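Undergrad: prediction below, plus the sequence it came from.
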Amino acid sequence: MIRTGTRYRLLAIFVLPALLVYAGFSVYPLLSSVALSFFDSDNGASTFTGFGNYVYLFTDPYVSERFWNALRNSVEFFAIHLVVELPIGLLMAALLTSNSIRKSRGVYRTLLFIPATLSVVIVGFLWRLIINPLWGLVGFPLLGDATTALPTISLMSVWQYIGIPMIFLFTALIAIPDDILEASRIDGARAWATFWQIKFPLILPQFGLIAILTYIWTFNGFDIVYALNGSAPGPNYSTDILGTMFYRTFFGSSGQVADTDLGATIASVVFFIILVTTAAYFVVLQRRLKTYEL
Amino acid sequence: MTTVPFKQRRARLQKGDAASATLVHVLLIVFAIIAIVPILVVVMNSFKTTMGIFGAPFAIPTPDTFNLDGYKNVFTRGNFAANYANSIIVTVATIAATIVLATGAAWALVEYKVRISPLLTGFFIIGIMLPIRLGTVPIIKMMVATHLIDTLAALVLVYTAMQLPLAIALMMTYFRSVPGELKEAARMDGAGEFRVLGIALPLVRPGLAAVASITMLPVWNDLWFPLILAPSKANQTVTLGVQQFVGQFQSDYPALLAALTLGALPLIVLFTVFSRQFIQGLSAGYGK
């Protein structure tokens, strides 16, 4: 047994490098961003303004309209992932666990995951080409219409990332011990009933976890919208999500000067939204989902 | 009482199994087609003339329509060799840094239990959920202050910070499975702690491979940080290079498709080769 003092010393030696990089380039910038949101540095010197930036964000007619629009769009972006990606991902996972395809399981799993290995930039352009009215597959400019643009982009993103919930839920499903399933088979339960009454309740915690991770990832979304529509995503801001608004605000774009403090403020609001929702989820829901010791 | 003879019952069961197996295959094949065909269409059309692309988008290239102009244009007007080099440098350096730092930290958190260990572990694990992009404004300020802005090193630092939590979580699950007797025996023989870690390392090799493969994808494919931290032509990664190239050559369809193909293929190939490690990493990292 190593003495306590020595253990502290060894812990420090091995953990410090990772701790420094992680704290320095991930935790500190996030907290510092929140701190920045309370300052105003537009005229050179940085002065403390309290909630001034927040008041401006929520009351300025133009900026607040953009913010609520981006928030609504981010919610829609997430909602489409939630109702399309997760159920289909679950179906794929269930199909993959089927004993009757055991031999070809690996091949299907790899094929279905391949879109997730692509960069969003590539996914965006690939789909833009395919749904290009010039190619004649789709006669309607899906990306050019304010009502269809965001759902179209969301579905491109779903197409790409569906492999992630699939793998995640697949892993959870195959971890269910055979004797539990064997018992239900002896009871004569059909596959459908076995799935919903036995397997799904058992993987509910993992299903919840992948739902909350999807929420965090989509609320941080940026790449696919930016790749397709730039930083003032049209038509008429109908595809502007929180990520693109944040980028446009702190980096500036044509027709908009960069505003670092306001950018930090938007980032802090998004961080707060994610934090509160995630915390609420874990406190209220995840605790109630019984984790079965398997 | 009538009982169905065993043989007959088994035959009926097998028939049902065969039917359900067919259904499962059909559904999975449909999903696989949806996943793969769009990619194949792009790859296939990148070898055609513009006429061939629009005349028959779903036909394979014929001697009439076969053409490599797209690739020629990408290589002469784009910056692909440099972009590839940058992406490889950033990805490999991030993987190396993540593996070294995460291995050390995970080893110590599992091995040297003190009162603050759980707290420290929690502090790292929370990072799996931290949206690091939201700290972009201070990150830019730090990079400007340290003259690291517009360098590949800036990307490596941020990506390492971003990937460490998941990598540490993953390595901890692997180190927990190293038998205690092995380590105690080494210590009895007077081995130093670095030596003990060296003895344990071969046992966690699958973990190292898993960390490498789950670090590769998000780093190679990221658009946000290259755009913000290393946008100049000399430092562009493939993802950013493709994005800018496509923006510039909107109407040169063969070149566009060639650029997309070149951006996509390396990772598809790498993933296909390492898919087992990757899937293992993904499920072990988030699962615990």
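TA: Arrived safely, thanks for sending.
Undergrad: next, count neighbours for residue B:181.
TA: 8 (other C-beta atoms under 10 Å in any protein chain shown). All C-beta atoms are positioned from the backbone trio N, CA, C, and that covers glycine.
Undergrad: now residue A:284
TA: Residue A:284 has 9 neighbours, counted by other C-beta under 10 Å.
Undergrad: which residue is nearest the centroid of chain A?
TA: The residue lying closest to the centre of chain A (C-alpha atoms, centre = their mean) is residue A:217, at 1.5 Å.
Undergrad: any weak-confidence spans in the stretch 151-294 of chain A?
TA: Across the stretch 151-294 of chain A, the ranges flagged by pLDDT under 70 are A:186-189, A:254-255, A:286, A:289-294.
Undergrad: thinking again about what came up before, contacts only, for the residue nearest to the centre of chain A.
TA: Residues near residue A:217 by C-beta atoms under 8 Å, 6 or more residues apart in numbering or on different chains: residue A:161.
Undergrad: distance of it from residue A:160?
TA: 11 Å (C-beta to C-beta, to the nearest Å).
Undergrad: thinking again about what came up before, before we move on, which element is the residue nearest to the centre of chain A in?
TA: helix A:200-219 (DSSP states H and E).
Undergrad: next secondary structure after that helix?
TA: Heading C-terminal from helix A:200-219 (DSSP H and E), you reach helix A:223-229.
Undergrad: same for that next one, what does it pack against?
TA: Packing contacts for helix A:223-229, counted by 3 or more C-beta pairs under 8 Å, 6 or more residues apart in numbering or on different chains; DSSP states H and E, involve helix A:120-130, helix A:149-161, helix A:242-251.
Undergrad: 10 Å instead, please
TA: The contact analysis (3 or more C-beta pairs under 10 Å, 6 or more residues apart in numbering or on different chains; DSSP states H and E) places helix A:223-229 against helix A:61-80, helix A:120-130, helix A:149-161, helix A:242-251, helix B:224-229, helix B:238-248.
Undergrad: who's in contact with the nearest residue to residue A:229 once chain neighbours are set aside?
TA: Computed as C-beta to C-beta, 6 or more residues apart in numbering or on different chains, the closest residue to residue A:229 that is not its neighbour in sequence is residue A:239, at 5.4 Å. Going by C-beta atoms under 10 Å, 6 or more residues apart in numbering or on different chains, residue A:239 touches A:70, A:73, A:76-77, A:143, A:146, A:149-154, A:224-226, A:228-229, A:232-233.
Undergrad: stretch A:50-68 close to chain B?
TA: No - on the criterion C-beta under 10 Å from any C-beta of the partner chain, stretch A:50-68 is out of touch with chain B, staying 12.0 Å away.
Undergrad: any idea of the mean pLDDT for that stretch?
TA: The average pLDDT within stretch A:50-68 is 89.
Undergrad: quick one: end-to-end distance for it.
TA: Stretch A:50-68 has its terminal residues 22 Å apart, counting by C-alpha to C-alpha, to the nearest Å.
Undergrad: what of stretch A:184-196?
TA: Stretch A:184-196: ends 12 Å apart by C-alpha to C-alpha.
Undergrad: same question, stretch B:60-74
TA: Criterion C-alpha to C-alpha; first-to-last residue distance in stretch B:60-74 is 21 Å.
Undergrad: for that stretch, the averaged confidence score.
TA: For stretch B:60-74, mean pLDDT is 83.
Undergrad: do it and chain A meet at all?
TA: No - Stretch B:60-74 stays clear of chain A (C-beta under 10 Å from any C-beta), getting no nearer than 12.7 Å.
Undergrad: Provide a list of residues in contact with residue 162.
TA: This is for chain A. By C-beta under 10 Å, 6+ apart, residue A:162 lies in contact with A:81, A:84-86, A:88-89, A:92, A:112-113, A:115-116, B:31, B:34-35.
Undergrad: actually it's chain B I care about, not the one you picked
TA: A:21-22, A:25-26, B:94, B:98, B:127, B:130-133, B:215, B:218-219, B:222, B:225.
Undergrad: kindly recompute the last result at 6 Å.
TA: By C-beta atoms under 6 Å, 6 or more residues apart in numbering or on different chains, the contact set of residue B:162 is residue B:132.
Undergrad: where's the residue of chain A with the smallest separation from chain B, which helix or strand?
TA: For chain A and chain B, the shortest gap (C-beta to the nearest C-beta) falls at residue A:29, measuring 2.9 Å. Assigned by DSSP H and E, residue A:29 falls within helix A:28-36.
Undergrad: shaky segments in chain B?
TA: Applying pLDDT under 70 to chain B flags residues B:1-17, B:283, B:285-288.
Undergrad: try it again with 50
TA: For chain B, applying pLDDT under 50 flags the ranges B:1-2, B:288.
Undergrad: most centrally placed residue in it?
TA: Geometric centre of chain B, nearest residue: residue B:217, 2.0 Å, by C-alpha atoms, centre = their mean.
Undergrad: residues near residue A:139, how many?
TA: The local packing of residue A:139 (other C-beta under 10 Å) involves 7 other residues.
Undergrad: look at it and report its pLDDT.
TA: Model confidence at residue A:139, expressed as pLDDT, equals 74.
Undergrad: tell me the SS of it?
TA: coil (DSSP: H, G, I helix; E, B strand; the rest coil).
Undergrad: tell me the spacing between it and residue A:132.
TA: As defined by C-beta to C-beta, residue A:139 lies at a distance of 11 Å from residue A:132.
Undergrad: try residue A:168
TA: According to C-beta to C-beta, residue A:168 stands 33 Å off from residue A:132.
Undergrad: and those two? Which one has more around it.
TA: Neighbours per residue, other C-beta under 10 Å: of residue A:168 and residue A:132, the larger number sits with residue A:168, 26 against 17.
Undergrad: correct me, but that one touches residue A:210?
TA: Yes - counting by C-beta atoms under 6 Å, residue A:210 is a contact partner of residue A:168 at 4.9 Å.
Undergrad: distance between the ends of stretch A:79-88?
TA: With C-alpha to C-alpha applied, stretch A:79-88 spans 14 Å between its terminal residues.
Undergrad: list the contacts of the residue in chain B positioned nearest to chain A.
TA: Scanning chain B for proximity to chain A using C-beta to the nearest C-beta identifies residue B:135 as nearest, at 2.9 Å. Applying C-beta under 6 Å, 6+ apart to residue B:135 gives the contacts A:29, A:30, A:33.
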